[in-house]
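Trainee: need coordinates for the below:
(chains A and B)
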Protein chains: 2
Amino acid sequence: MQVTVLRLGHRYMRDKRISTHIGLVARAFGACELVMDLKDPLVEESIQQVVSEWGSSFKVHTTENWKKYIKEFRGDRIHLTMYGININQCMDKIKETPKDKLIIIGGKKVPSEVYSLVDYNVAIGNQPHSEISALSVFLDRFFNGTGLDKDFGGNKKIIPQKHGKKVLENQKT
Amino acid sequence: MQVTVLRLGHRYMRDKRISTHIGLVARAFGACELVMDLKDPLVEESIQQVVSEWGSSFKVHTTENWKKYIKEFRGDRIHLTMYGININQCMDKIKETPKDKLIIIGGKKVPSEVYSLVDYNVAIGNQPHSEISALSVFLDRFFNGTGLDKDFGGNKKIIPQKHGKKVLENQKT
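Mentor: Okay, the predicted model is just below:
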């Protein structure tokens, strides 16, 4: 079972950091790829730099037709939106099937079609906050917190410390 | 038991959206206030606008001396950092005491003193991702997911929908 994150509504410059954070969260919490609706080399480079240093086979792609991409996705299509069903009421059902998952993250102006194209509209609470936050909490709960224990096999590796920093480098075998 | 979020290292303009998201996450996931180390009216206005429309008594303050603020905080001081102890290993201990909590969120260049001033350095996984993500997952786990069911008593209220949007206005009594 694989998890793909689709980022809709990306805008150059204005969204560079937000979309980069979305990619990094997707990778760190267990998704295998980020698909964007607009090619942004700055976002791709930032994410690829983390992948080359810290490991994993996480990929960033672009789709030229996000509607077709959602329609043709084989698996459960899950749109994260504050207008949807509270995650506390629907996560058990989502976890039931072993199908691949497409997690769709928009900005403020998500086209209304998205709401009807998907299998689930899921609210990480029905209050305004952040698409980065929504994705991270969804993935953390979906993988029951185990995403955070994964070994990414990168050149850099942190040795957790109670106080201070310890990073090992050149760890890749 | 109250939770306060302290945002360190905010930079005007560059961090406006990131710090605003941190404030909105703090509010939506159950914290009672955001303290910043730099006064930024744009961030404060964005958060206050959400509070006035969607409810809660969430506050934004500024401290002129963050070191003193951390030192004098009465309760557990918890710094979220990828170099710390994985949340999977320390959350149970943090939940044990009923003391107030100060959650400290930095950027890339957190002064090294922060690591020794706090009671816990907690890693939301030891991989790079996002301070917004770190805060949301910490609070979600700390409150056992119940933060997302809270009634904020605001003028606006979402009626969760499987497909589409429904918002009630003028709900405040």
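Trainee: what number of residues lie near residue A:98?
Mentor: Residues contacting residue A:98 under the criterion other Cβ atoms under 10 Å in any protein chain shown number 7. For every residue, glycine as well, the C-beta is placed using N, CA and C.
Trainee: just give the closest residue to residue A:147, not the sequence neighbours.
Mentor: Leaving aside its chain neighbours, residue A:147 sits nearest to residue A:30 (3.5 Å; criterion: Cβ to Cβ, 6 or more residues apart in numbering or on different chains).
Trainee: which residues does the closest residue to residue A:31 other than its chain neighbours bridge with?
Mentor: Nearest residue to residue A:31, sequence neighbours excluded (Cβ to Cβ, 6+ apart): residue A:3, at 4.3 Å. On the basis of DSSP bridges, residue A:3 is bridged to residue A:101.
Trainee: list the contacts for residue A:3?
Mentor: Contact partners of residue A:3, counting by Cβ atoms under 8 Å, 6 or more residues apart in numbering or on different chains, are A:26, A:30-32, A:100-101, A:103, A:139, A:142.
Trainee: also residue A:29?
Mentor: Residue A:29 is in contact with A:135-136, A:139-140, A:143, A:147-148, B:125, B:129, B:133, counting by Cβ under 8 Å, 6+ apart.
Trainee: repeat that for residue A:2.
Mentor: Residues near residue A:2 by Cβ under 8 Å, 6+ apart: A:32, A:100-101.
Trainee: take these and lay them out in TSV including distance to residue B:112.
Mentor: As requested, the contacts of residue A:2 are exported to TSV (distance: Cβ to Cβ, whole Å):
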residue	distance to residue B:112
A:32	35
A:100	43
A:101	40
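Trainee: any idea which residue of chain A is furthest from its center?
Mentor: residue A:163 (29.7 Å; Cα atoms, centre = their mean).
Trainee: give me the pLDDT for that residue.
Mentor: Per-residue confidence (pLDDT) for residue A:163: 95.
Trainee: which of the three states applies to it?
Mentor: Residue A:163 carries the three-state label coil when classified by DSSP: H, G, I helix; E, B strand; the rest coil.
Trainee: against residue A:46, how distant is it?
Mentor: Residue A:163 sits 29 Å away from residue A:46, going by Cβ to Cβ, to the nearest Å.
Trainee: any weak-confidence spans in chain A?
Mentor: Low-confidence segments of chain A (pLDDT under 70): A:172-173.
Trainee: please save the CA atoms from the longest strand along it in CSV.
Mentor: Determined from DSSP state E, the single longest strand within chain A is strand A:76-86. Listed next in CSV are the C-alpha coordinates belonging to strand A:76-86 (Å, rounded to 0.1, in the frame of the first residue of the first chain):
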residue,chain,number,x,y,z
ASP,A,76,-8.8,5.8,-2.3
ARG,A,77,-8.8,9.5,-3.1
ILE,A,78,-8.8,11.6,0.1
HIS,A,79,-9.1,15.4,0.1
LEU,A,80,-8.1,17.2,3.3
THR,A,81,-10.4,20.1,4.0
MET,A,82,-11.9,21.9,7.0
TYR,A,83,-15.3,21.4,5.5
GLY,A,84,-15.2,17.6,5.4
ILE,A,85,-16.0,14.9,7.9
ASN,A,86,-13.9,15.1,11.1
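Trainee: what's next to the helix or strand just after it, contact-wise?
Mentor: Using DSSP states H and E, the helix or strand that follows strand A:76-86 in sequence is helix A:87-96. For helix A:87-96, the external contacting residues (Cβ under 8 Å, 6+ apart) are A:76, A:78, A:101, A:120, A:122-125, A:137-138, A:141-142, B:145, B:148-149, B:160.
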